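Novice: just coords:
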């Protein structure tokens, strides 16, 4: 029984490496990658353990939702060119005796980038690259003191971000990943809340409003081999790994 248990542990530990080794052309020209990530955050605006916070104030908070996807193709070995649509929503709620204050900010973002993949051995892979995105921020009507608060504003966002990612393959095609980036961003305000044009001073420079932030993203990617090879090759089961002599003679 002990030998069987030890063998099972070895199989689970070695299977991702064996499967990845079979797909040495996983990052070859013509391959595809599909990925995405999802994040939701709720942040109360009041202290959560304070006895001095009223029941009304306990409802106040921020809801933050971010959904993004990524589709890429490898034009040459190890280099992926990708597009990455994203949707971000920030909702704020503030309850007052005179009426609720509610506001919503939305960002629809279209990005493009390139990543170069570097196998580290076994199931581990690293990639380095950069991405550029253009976003649209339409005004969304809200509430102010319980009354309708129209918002006809409009803005565009631009960002440039160097990226470093680490992938851990859990099968021959599937890998969760962690991605670290430093995003340089600029928001170009075009229309005010009342719909009038935004006026900038004559000596204004876009570099006056460039921001920077560190981003850590956790996601999942699936890789598809080029052409019909993804159908011609068969995945190895745990039974195959044991019986074909890779772990035992």
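Specialist: On my side now, so go ahead. These numbers were taken from a predicted model, which means no experiment stands behind them. Residues are numbered from 1 along each chain as shown.

Novice: after the longest strand along the chain, which helix or strand is next? Please name it.
Specialist: Secondary structure of the chain per DSSP state E: the longest strand is strand 101-121. Later in the chain than strand 101-121, the nearest helix or strand by DSSP states H and E is strand 124-138.

Novice: contacting residues around that following strand?
Specialist: 80, 82, 84, 86, 105-120, 153-169, 175, 181, 187 (C-beta atoms under 8 Å, 6 or more residues apart in numbering). Yep, even glycine has a C-beta here, placed from its N, CA and C like the rest.

Novice: now list the buried members of the residues you listed.
Specialist: Buried residues within these, counting neighbours by 16 or more other C-beta atoms under 10 Å: 80, 82, 84, 86, 105-107, 109, 111, 113-115, 117, 119, 153-155, 157, 159, 161, 163, 165, 167, 169, 175, 181, 187.

Novice: before we move on, the earlier item: angle of the longest strand of the chain against strand 124-138?
Specialist: Using axes from the mean of the first three to the mean of the last three C-alpha atoms, to 10 degrees, the inter-axis angle of strand 101-121 relative to strand 124-138 is 160 degrees.

Novice: what is strand 101-121 packed up against?
Specialist: strand 79-94, strand 124-138, strand 142-144, strand 154-168 (3 or more C-beta pairs under 8 Å, 6 or more residues apart in numbering; DSSP states H and E).

Novice: so what are the sheet partners of the last one and their directions?
Specialist: This points to strand 154-168. Its sheet considered, strand 154-168 pairs with strand 124-138 (antiparallel), strand 174-191 (antiparallel) by DSSP bridges.

Novice: re earlier: ok, of the helices and strands packed on strand 101-121, where does mean pLDDT dip lowest?
Specialist: Lowest mean pLDDT of the helices and strands packed on strand 101-121: strand 142-144, a mean of 77.

Novice: so what strands line up beside the following helix or strand past it?
Specialist: Scanning forward in sequence from strand 142-144 by DSSP H and E, the next helix or strand is strand 147-149. With DSSP bridges as the test, strand 147-149 is paired with strand 142-144 (antiparallel).

Novice: tell me how far the strand it pairs with is from the chain's mean position?
Specialist: How far strand 142-144 lies from its chain's middle: 30 Å, per C-alpha atoms, centre = their mean, to the nearest Å.

Novice: contacting residues around it?
Specialist: For strand 142-144, contacts defined as C-beta under 8 Å, 6+ apart pick out 99, 100, 101, 102, 103, 104, 149, 151.

Novice: which one of those residues sits closest to residue 90?
Specialist: Using C-beta to C-beta, residue 104 is the member of the contacts of strand 142-144 that sits closest to residue 90, with 7.1 Å.
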